[in-house]
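Participant: sequence and predicted structure below; questions after.
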Amino acid sequence: MIATVISVPQLIVFIVSVVIIAIGGVGLLSARYPVHAALFLVMTLFGVAVLFIEEGAEFLAAVQVVVYAGAVVVLFLFVIMLLGVDREEITSFAGDTVRVALAGVGVALILAELFIVATGAWVTGAHAVAGKLSAGSNIGVLARSVFTTYLLPFELTAALLVIAVVGAVILSRRMSGVAQPRAHESREV
Amino acid sequence: MFGSLVSQLPIRLPSISYQAIGPELILFGAALVVLALSATVGRREHPQLYRGIGLFAAVAEGAWSANLLRLIDQHGPSLAIAGAISNDGFSAVVGIIVAAALVLTMLIGPGFVESVAGQGPEFVTLLLLSATGAIVMAQANDLIVVFLGLEILSIALYVMVGFRLRDGLSREAAFKYFILGGFSSAVFLYGVALVYGATGSTNLVKIAAFLSSHVLINNGVLLFGIALILVGFGFKVSAVPFHVWSPDVYQGAPTSVTGYMAAMAKIAAFAALLRVMMVAFHLQLEFWRPIVIALAVLSLVFGAVFALRQREIKRMLAYSSINHAGFILLGVLAATSGGVRDSLFYLGAYSVMVIGTFGLISLIQVDAGKVEGSLSLDDVRGLGRRRPAVAVLLAILILAQAGAPFTSGFIAKFSVITAVISVNEYWIAVVAMVTAAVAAAFYLRLVLALFSKDEAEVGVGDALYPVAVRGGSDQGLRLSTASLVPIWIGIWASVAITVFFGLFPTLLLDLVSRGKIFY
């Protein structure tokens, strides 16, 4: 069924990248050390980037690698390094049979739901808008969408960033106040 | 690549109606002004200036919304900015309600919150930013815009709940609210994605147009999406079974923040819920009404029953707010224009009285030497003799929450129950009235405690003097007379509005009945 939609090389690329994503995801959850988990996350994000290229969304693939695999995970690694690299994660699922079993049930439910959603008959809504772009460059289509239909949401993210920055500053001042109240007072000039 | 870019048609920006987004611009602009001023003239030197700017912005926002309502009545509603927001009576009326809640909080809150958050501009800034998010949610005609408004509102609330990070209870509350709130946002977003998959659009009007022109033979994806969106909203309004965060958060947050959160989160989330359900999924009513009925009935029953068992006043009011959420959901499940009107009435009446109630609880806490923390039922025993004015005003607001006649609470409960009866769901109306009676029991218990004569906890000598005069705890907040003035103005305004609209409900009913949703 799938072979009629896409060609064999594409299918092979798809399967390989899905395997990479799945290994990365499972590794992320089962890794004992936070650094390993972060590196597994990079693996997953690269796999997703390959899938974007296969869909013809090269720009999104580049953003995925630069922003997520690059900037975000590097930030994670920074935090992990600051907290101590060799610390074993205390909340790791590995070794806790009950929780692993519960997580397994959850994953099985989600997979079952995805199967129901994905096997044709249930999806009878609008025609899928995913797939290769019919005309124009990636950036052109993206810009058209961001600056016409989604202009207001695009601008609203500015408000969201402002509130996130203000909130982070306020909370970090409070946190430093918790640790050393005197220093907190004297620093505020 | 550049060639392919320029060969296409030029991007034509949609026309931007600054009039329609005026409320957001006023509030967000004021927040930026406060931040810029605090960076230039100093953080702590001018707390009154920041509060004045906030108050002015809130009043200006209300006036702008009222003017919008007048224009909409004359020229009719419209969609603005590429259909992303809806400029209709509903959003204008919600804008007025948001302004009322914001003005009351600006009057009552800062004096108390200064004790835990310092005299800086933080509280005023966060209030203004969160109210911006609330207005965005009320106007949103696109699920993405709803989500962005939800996040702007919620992130500001998470930070405000965490103001007392030195306190373990508050820290727990902030983290619980943040993690569960983030989780519920993710659930909501998953629902949006599924609805987009099923209908090909995130725009509410386009979704409605698609669903009215297409028959979905197998609509599993759409229904799953609607269910997840309802779950996301259920978390935000703390409807049972998505309420587990609310008692802890209500207790742990600074009291003034609790009052504001109870009001604003409900106003915004119910406004967005009403619009999404009425505009986009009105044809799917037969599918989502049972879910909303279940949420409403569970919230009504569990809110009232669990509140009976609480001895901590803020936790009790948390369960009472769950009960109130159940009542407002009655207007949602009616899914008629009358139901929308009654929900708006309830939201307006409830937000005014809940902010006043928590303001009075803040005052009692100051007397007891507790800084915005928790307050047990024993702490207020016999308050009627020590602080008669506080006790009487609190009793009025508590009775209004219980739905006593001659208060706006009575008309609010009455009107949502009529809305349910008008769609022939009699048994829900019966359940609602029974839970109102159960709820009256715990409200009355609080009122009786206020005026009880037995002073089990306080000795005879202590009873002669207010606790604050006794001293003993130098951590207690001393409110100067100057900072008490706006607090009392806010509390009296809250009581006056509650009683006034209880005596003359038609004035408020006229206003909210102009809040029609445009589609």
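Facilitator: Yep, it's here.
Participant: from the chain's centroid, how far away is stretch A:64-75?
Facilitator: Counting by Cα atoms, centre = their mean, to the nearest Å, stretch A:64-75 is centred 10 Å from the centre of its parent chain.
Participant: can you tell if stretch A:151-164 touches chain B?
Facilitator: Yes. Counting by Cβ under 8 Å from any Cβ of the partner chain, chain B is contacted by stretch A:151-164 at A:151-153, A:156-157, A:159-160, A:162-164. To be clear about C-beta, it is placed using only N, CA and C from the backbone, and glycine gets the same treatment.
Participant: what comes up buried for that stretch?
Facilitator: The neighbour-count check on stretch A:151-164 (16 or more other Cβ atoms under 10 Å in any protein chain shown) flags A:151-153, A:156, A:159-160, A:162-164 as buried.
Participant: any regions of chain A where pLDDT drops low?
Facilitator: A:1-6, A:85-95, A:117-136, A:175-189 (pLDDT under 70).
Participant: show me where it has helices.
Facilitator: A:8-30, A:34-54, A:58-63, A:73-83, A:97-118, A:138-147, A:151-179, A:181-187 (DSSP state H).
Participant: please identify the most buried of the ones you listed.
Facilitator: helix A:34-54 (a mean of 18; mean count of other Cβ atoms under 10 Å in any protein chain shown).
Participant: next, see if it gets close to chain B.
Facilitator: No. Using Cβ under 8 Å from any Cβ, helix A:34-54 never reaches chain B; the gap is at least 15.6 Å.
Participant: convert that helix to PDB, retaining C-alpha atoms only.
Facilitator: C-alpha atoms of helix A:34-54 as PDB (Å, rounded to 0.1, in the frame of the first residue of the first chain):
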ATOM      1  CA  PRO A  34      22.000  13.000  31.500                       C
ATOM      2  CA  VAL A  35      24.800  13.600  29.000                       C
ATOM      3  CA  HIS A  36      24.000  10.400  27.200                       C
ATOM      4  CA  ALA A  37      20.300  11.300  27.200                       C
ATOM      5  CA  ALA A  38      21.000  14.700  25.600                       C
ATOM      6  CA  LEU A  39      23.100  13.000  22.900                       C
ATOM      7  CA  PHE A  40      20.300  10.600  22.200                       C
ATOM      8  CA  LEU A  41      18.000  13.600  21.800                       C
ATOM      9  CA  VAL A  42      20.400  15.000  19.200                       C
ATOM     10  CA  MET A  43      20.100  11.600  17.300                       C
ATOM     11  CA  THR A  44      16.300  11.800  17.400                       C
ATOM     12  CA  LEU A  45      16.300  15.400  16.200                       C
ATOM     13  CA  PHE A  46      18.600  14.500  13.300                       C
ATOM     14  CA  GLY A  47      16.300  11.700  12.300                       C
ATOM     15  CA  VAL A  48      13.400  14.200  12.200                       C
ATOM     16  CA  ALA A  49      15.400  16.500  10.100                       C
ATOM     17  CA  VAL A  50      15.900  13.800   7.500                       C
ATOM     18  CA  LEU A  51      12.200  13.200   7.400                       C
ATOM     19  CA  PHE A  52      11.700  17.000   6.800                       C
ATOM     20  CA  ILE A  53      14.000  16.800   3.800                       C
ATOM     21  CA  GLU A  54      12.100  13.800   2.500                       C
END
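Participant: what's in contact with that helix?
Facilitator: The contact list for helix A:34-54, computed with Cβ atoms under 8 Å, 6 or more residues apart in numbering or on different chains, reads A:10, A:13-14, A:17-18, A:20-21, A:23-25, A:27-29, A:31, A:58, A:60-62, A:64-65, A:68-69, A:73, A:76-77, A:80, A:83, A:85, A:87, A:89.
Participant: same thing but at 6 Å, please
Facilitator: The list of residues contacting helix A:34-54 from outside it, by Cβ atoms under 6 Å, 6 or more residues apart in numbering or on different chains, reads A:13, A:17, A:20-21, A:24-25, A:27-28, A:31, A:60-61, A:64-65, A:68-69, A:73, A:76-77, A:80, A:85, A:89.
Participant: okay but residue B:320 is in contact with residue B:307, surely?
Facilitator: Yes. Assessed by Cβ atoms under 6 Å, residue B:320 is found in contact with residue B:307 at 5.2 Å.
Participant: closest to residue B:71 out of the helices of chain A?
Facilitator: Evaluated with Cβ to Cβ, these place helix A:151-179 nearest to residue B:71, the distance being 20.0 Å.
Participant: from the contact counts, what lies against that closest one?
Facilitator: helix B:143-161 (3 or more Cβ pairs under 6 Å, 6 or more residues apart in numbering or on different chains; DSSP states H and E).
Participant: low-confidence ranges in the stretch 401-519 of chain B?
Facilitator: Looking at the stretch 401-519 of chain B by pLDDT under 70, you get B:454-478.
Participant: quick one: the helices in it?
Facilitator: B:408-422, B:426-450, B:460-463, B:467-470, B:481-503, B:505-513 (DSSP state H, counting those that start in this stretch).
Participant: likewise for the stretch 251-400 of chain B?
Facilitator: B:255-275, B:285-308, B:313-334, B:337-367, B:383-386, B:388-402.
Participant: any chance of those in CSV, plus distance to residue B:487 and mean neighbour count?
Facilitator: Formatted as CSV, those follow (distance: least, Cβ to Cβ, whole Å; neighbours: other Cβ atoms under 10 Å in any protein chain shown):
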stretch, distance to residue B:487, mean neighbour count
helix B:255-275, 10, 28
helix B:285-308, 26, 19
helix B:313-334, 18, 27
helix B:337-367, 7, 26
helix B:383-386, 17, 19
helix B:388-402, 11, 21
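Participant: domain parsing of chain A, as residue ranges.
Facilitator: Here the domain parsing of chain A from automatic domain parsing is A:1-88, A:137-177.
Participant: for the longest one, the distance to its chain's centre please.
Facilitator: In terms of Cα atoms, centre = their mean, the centre of domain A:1-88 is set 8 Å apart from its chain centre.
Participant: and residue B:79, helix, strand or coil?
Facilitator: strand (DSSP: H, G, I helix; E, B strand; the rest coil).
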